[in-house]
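In: give the three-dimensional model of this entry:
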Amino acid sequence: MLKVYINCKSQLLQKSLEIFLKKYLTPYKKADVVLSDRPLRSEKTVVTIGNKRSDKIQKPFTQSSLLFALDRVKKSLENQQNLRPKEEKIDLEIQIEKLTQKFAKDLAHILKSRIDTGGH
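Out: Just a heads-up that it's a prediction; the model follows:
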């Protein structure tokens, strides 16, 4: 399960989330996600809770619906993390291929010029 940090303006919501998620709570620096009742600027993934369509967790919620929503967030984060290494690997392979082709072309040019000049 995700490591969660809670930062809510509503103290009632803050306390409810702390009770429901007590075994998933962690300090901010170690958290995978931040749960909040408002948009926040953070280097962590912020999961908003509220009544708007844009909120990832809708109020009212039960403990089970909250855990289900957090499981979806976890799967989404895992999918994003799994894509990055594949993309980086493909980019690296393309760069290596281009460098190899350039090296082969430059080497052929050098060898050809040596042959044309009699090896000097």
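In: longest strand anywhere in this protein?
Out: strand 45-50 (DSSP state E).
In: how about residues contacting that one?
Out: With contacts defined as CB atoms under 8 Å, 6 or more residues apart in numbering, strand 45-50 is touched by 8, 13, 17, 32-40, 54-59, 61, 69-70, 73, 77. Placement of C-beta: from N, CA and C, glycine included.
In: need the buried ones from these selected in ChimeraX.
Out: In ChimeraX syntax, the buried subset of those is picked out as below (16 or more other CB atoms under 10 Å):
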select :8,13,17,32,33,34,35,36,37,55,56,57,61,69,70,73
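In: now, the contacts of strand 45-50 that are in helices?
Out: 13, 17, 69, 70, 73, 77 (DSSP state H).
In: and the closest residue to the third one other than its chain neighbours, bridged to which residues?
Out: The one in question is residue 69. Excluding the flanking residues, the one nearest residue 69 by CB to CB, 6 or more residues apart in numbering is residue 57, at 4.7 Å. Legend: beta-bridge partners of residue 57 under DSSP bridges are residue 49.
In: ok, residue 55 - contacts?
Out: Contacts of residue 55 by CB under 8 Å, 6+ apart are 48, 49.
In: the strands in the protein, which residues?
Out: For the chain, strands defined by DSSP E occupy the ranges 4-6, 33-36, 45-50, 57-58.
In: hmm, who's touching the shortest one?
Out: Outside strand 57-58, the residues that touch it by CB under 8 Å, 6+ apart are 35, 47, 48, 49, 50, 51, 65, 66, 69, 70.
In: CSV for those, including pLDDT?
Out: Shown next, in CSV, are the contacts of strand 57-58 (pLDDT from 0 to 100):
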residue, pLDDT
35, 96
47, 93
48, 94
49, 95
50, 92
51, 91
65, 90
66, 92
69, 90
70, 91
